[in-house]
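**Q** okay, predicted coordinates and the sequence, questions at the end:
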Amino acid sequence: MLEKWRGPERRRRNVEEKTIRRGRPSKIAKGSKKKTLGIRASVGLANRLLAAAETNDRSLSQEAELRLERSFDREELLPELMEQAFGPGVAGLLLLLGRVMPEVGRSVNVQKHGLEGPHWMADPDAFAEALAAALEIIEEFRPQGARELSGAELAVGSRFARRRILEVAIEGAPYPAGWKAWIDLARRLLGPDLLAQSKLRREEAERSRRIHAARQKGQDGRDGS
């Protein structure tokens, strides 16, 4: 019983020392042999691992190994999920955009603010350069040949984009049939800070403010008469 208690206590002391012992440089293990890895982890991460190991009745090493394996499984699953959700062409573009835009945005942000600046999506210069990179990528894959119909004749690109932006950015409006789960997911992934930057949301807020002010002015006029 004493030995059973000492195991978790010993692991706690390791956590409090803020380190998981560093071993010799690792080599690729062959076959089914276990390979010892020496890593350092933050106190917060080590505490979470320790708590999960005790909850799941595993050793700290077993818990860490399982979670590392799961992270690789999810990483390998991402391309498949993206292709299923968006199709191979759009999925490839999204993968490119998802890599290049943050690279560009962070690069500009570091030039302006150093390592302690705001998120690059909140900085006008960083955002503008990331947008330019995104347009460069999309234009790279434009099909050859001249358009047969003008944008004015079709007028679908801006209309569709504006509709979807309104559905996501303007909260409180009724959900279109069948789109609730998608809209809620889009809002969650965009996050409150980016949603607050929405041009349409700001315009809607200003329009509501003016309507409220006009109504209040009319009410004050009736009260004073």
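**A** Good, I have the coordinates.
**Q** quick one, helices of the chain?
**A** All helices of the chain, identified by DSSP state H, fall at 2-16, 43-55, 60-86, 88-113, 124-140, 151-154, 157-169, 180-196, 199-224.
**Q** out of those helices, which gets nearest to Lys33?
**A** helix 60-86 (13.3 Å; Cβ to Cβ). Where you see a C-beta, it was placed from the backbone N, CA and C, and this is true even at glycine.
**Q** now do the closest one: which elements does it pack against?
**A** Counting contacts by 3 or more Cβ pairs under 8 Å, 6 or more residues apart in numbering; DSSP states H and E, helix 60-86 packs against helix 43-55, helix 88-113.
**Q** buried ones in the first one?
**A** Put plainly, it is helix 43-55. Residues of helix 43-55 classed as buried: 46, 49-50, 53-54 (neighbour count, 16 or more other Cβ atoms under 10 Å).
**Q** could you give the mean pLDDT of that helix?
**A** Taken as a whole, helix 43-55 has an average pLDDT of 87.
**Q** now it - C-alpha only, CSV.
**A** Backbone C-alpha positions of helix 43-55 (Å, rounded to 0.1, in the frame of the first residue of the first chain) are rendered in CSV as follows:
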residue,chain,number,x,y,z
VAL,A,43,4.6,22.6,-15.0
GLY,A,44,1.1,23.1,-16.4
LEU,A,45,1.4,20.4,-19.1
ALA,A,46,3.0,18.0,-16.7
ASN,A,47,0.3,18.5,-14.1
ARG,A,48,-2.4,17.8,-16.7
LEU,A,49,-0.6,14.7,-17.8
LEU,A,50,-0.3,13.5,-14.2
ALA,A,51,-3.9,14.2,-13.5
ALA,A,52,-5.0,12.3,-16.7
ALA,A,53,-2.7,9.4,-15.9
GLU,A,54,-4.2,9.0,-12.4
THR,A,55,-7.8,9.4,-13.7
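**Q** counting by contacts, list what it packs against.
**A** Checking 3+ Cβ pairs under 8 Å, 6+ apart, helix 43-55 ends up next to helix 2-16, helix 60-86.
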